[in-house]
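Novice: Provide a 3D model corresponding to the input given below.
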Amino acid sequence: MGRKTGQNAKVEVEVGTVFYAMSALSTVASPAADIRKKFTTSATYLSDREKLQPVVRLDGILSGFVITPGTAVNSIDYSAGKLYIKGTLVSVNAGTITGLIRPTVNGQVHITSLTVDIDGNVNGTLGNAGAAGGERGAAGGVPFLPVDQALIGYLNMIYYDGSSSGGVVITAAEIDSETKERTILPSIEILYHDGGGSNPTNVGAINLASQLPLIHAATAGGPGTDGRNVYASYYDVTFEELPESMDFSFTDDIATIKSKAYRDKYEESSLSTATWSMTGTTYWSKVKDLIDLIKSTKRWVKLFPDADETAFWVGRGVFKANRNVPLDGNLDSAVTIDGSGQLFSKSS
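Specialist: Numbers count the residues shown, from 1 in each chain. You can find the predicted model right below:
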């Protein structure tokens, strides 16, 4: 087989997008460590252009919902708050919950979870009374949470002398207003294309810092069947060929960091994060053209060594253009792409 040339090469760039409205994302099925941690989109390549980045909404509290003792017996007050449920922003006014239940046996606790649903209702779910420290759903433990609701806190109700069930003002010590499901936790990482690692999905994905626990269920006693919902809106990208282009090349490099400490006999070397960049030339004849559209923006680019074959490199980077207007010669533009993130090699 003879050596190949770049005569039939092709460069494609991101020129358009397809919008996906706010909707639920599905978690991967394997490996176990990624279930309820990595969530996939319907986009192969998520756009990273300004104002087109994904918007991710994890069920949880945005602000407010401070729980304090109520003035009536067995009651609490909660402040106004905002939260996301199933991708929808829900605003709730301040309110009061009465008729909360204490244990009827000395030495036991009765825990109530307080959650908010998509209609803005603050709901109490009563656990099973028992000795403190029980497992979730068991006697003395916190109850499982209703599905499609977000936790704003717990009430750890205790027995008090002189009453079998308890008509007494709730104390601050019985309120856990710090334990909430917050929309900012766990933190998220946007995988604009999940094409690397040991278990790539080869689509755009959202990776959470930790797994979402199965603590939501149809009943307070469980078992847990659901984690929180992860919703997102985003843009998939569409490509077009960069016309009349030539001499494109790229560097896929990694820097070496050298160091030496006292009494070290030899210098130590470590590797930095891999980087890439691409350069090339394209002819132009109009001021308003494709180069004018993509310059000074971050976009996806594909480089096909052979347009008749399916293999290509793909990555996203910032496009820069330097137009040349020679006195005697073709109008051309030197294109530079400063890579952002990984450069992927694809067979198709």
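Novice: hang on, Gly133 packs against Asn156?
Specialist: No: using Cβ atoms under 8 Å, Gly133 and Asn156 do not qualify as a contacting pair, with a distance of 11.1 Å. All C-beta atoms are positioned from the backbone trio N, CA, C, and that covers glycine.
Novice: intersection of neighbour lists for the two?
Specialist: With contacts defined as Cβ atoms under 8 Å, 6 or more residues apart in numbering, no residue is adjacent to both Gly133 and Asn156.
Novice: Looking at the two, which is more packed in?
Specialist: In this comparison of Gly133 against Asn156, neighbours counted by other Cβ atoms under 10 Å, the higher total goes to Asn156 at 16 against 9.
Novice: where's that one, which helix or strand?
Specialist: strand 150-158 (DSSP states H and E).
Novice: Remind me what that strand packs against, helices and strands.
Specialist: Using 3 or more Cβ pairs under 8 Å, 6 or more residues apart in numbering; DSSP states H and E as the contact definition, the elements that strand 150-158 packs against are strand 60-64, strand 67-69, strand 76-78, strand 81-85, strand 108-116, strand 175-176.
Novice: now what about the first one, what contacts it?
Specialist: In this structure, residues lying in contact with strand 60-64 by Cβ under 8 Å, 6+ apart are 79-84, 89, 92, 150, 152, 180-185, 228.
Novice: Extract the residue ranges of the stretch 51-200 of the chain that are flagged as low pLDDT.
Specialist: Across the stretch 51-200 of the chain, residues meeting the criterion (pLDDT under 70) sit at 161-166.
Novice: Domain map for this protein?
Specialist: The chain resolves into domains spanning 15-58+185-238, 61-176, 240-346 when parsed by automatic domain parsing.
Novice: So for Thr5, which of these sits nearest?
Specialist: Nearest to Thr5 among those is domain 240-346; the distance by Cβ to Cβ comes to 9.5 Å.
Novice: State the mean pLDDT of that closest one.
Specialist: Confidence over domain 240-346, taken as the mean pLDDT, stands at 89.
Novice: That one: end-to-end distance?
Specialist: Across its full length, domain 240-346 reaches 18 Å between end residues, using Cα to Cα, to the nearest Å.
Novice: Helices of this structure, start to end?
Specialist: Listed in chain order, the helices of the chain (DSSP state H) span residues 290-294.
Novice: Give me the residue at the spatial middle of it.
Specialist: With the centre of the chain defined as its mean C-alpha position, the nearest residue by Cα atoms, centre = their mean is Ile188, 3.6 Å away.
Novice: Show me where the stretch 101-250 of the chain has its strands.
Specialist: In the stretch 101-250 of the chain, the strands defined using DSSP state E, counting those that start in this stretch lie at 108-116, 122-126, 130-131, 145-146, 150-158, 175-176, 188-191, 205-208, 216-217, 230-241, 245-253.
Novice: got the angle between the second one and strand 108-116?
Specialist: What that stands for is strand 122-126. Here the directions of strand 122-126 and strand 108-116 differ by 150 degrees (axes from the mean of the first three to the mean of the last three Cα atoms, to 10 degrees).
Novice: Show me which parts of strand 122-126 are buried, residue by residue.
Specialist: Of the residues in strand 122-126, those buried by neighbour count under the rule 16 or more other Cβ atoms under 10 Å are Val122, Asn123, Thr125.
Novice: Same check on the first one?
Specialist: For strand 108-116, the neighbour count (16+ other Cβ under 10 Å) marks Gln108, Val109, His110, Ile111, Thr112, Ser113, Leu114, Thr115, Val116 as buried.
Novice: One more: the longest one?
Specialist: Burial within strand 230-241, assessed by neighbour count using 16+ other Cβ under 10 Å, is assigned to Val230, Tyr231, Ala232, Tyr234, Tyr235, Asp236, Val237, Phe239.
Novice: and Asp253, how far is that from Thr275?
Specialist: Separation of Asp253 from Thr275 (Cβ to Cβ, to the nearest Å) stands at 6 Å.
Novice: more neighbours, those two?
Specialist: For the pair Asp253 and Thr275, the greater number of neighbours falls to Thr275 (16 against 11), based on other Cβ under 10 Å.
Novice: right, and the more buried one touches Gly339 too?
Specialist: Yes: if you go by Cβ under 8 Å, Thr275 and Gly339 touch, sitting 6.2 Å apart.
Novice: ok, for Ser259, nearest residue in space, not its chain neighbours?
Specialist: Taking Cβ to Cβ, 6 or more residues apart in numbering as the measure, Ser259 lies nearest to Glu268, with 5.2 Å between them; neighbours along the chain are not counted.
Novice: What residues does the one you found make contact with?
Specialist: If you count contacts by Cβ under 8 Å, 6+ apart, then Glu268 has Lys258, Ser259, Lys260 around it.
Novice: just how off-centre is stretch 122-132 within its chain?
Specialist: Put simply, stretch 122-132 sits 32 Å off its chain's centre (Cα atoms, centre = their mean, to the nearest Å).
Novice: who touches that stretch?
Specialist: When contacts are defined by Cβ under 8 Å, 6+ apart, stretch 122-132 is touched by residues 78, 92, 95, 97, 100-101, 103-105, 107-117, 134, 137-146, 149, 152, 155-156, 220-221.
Novice: Fine by me, we can end here.
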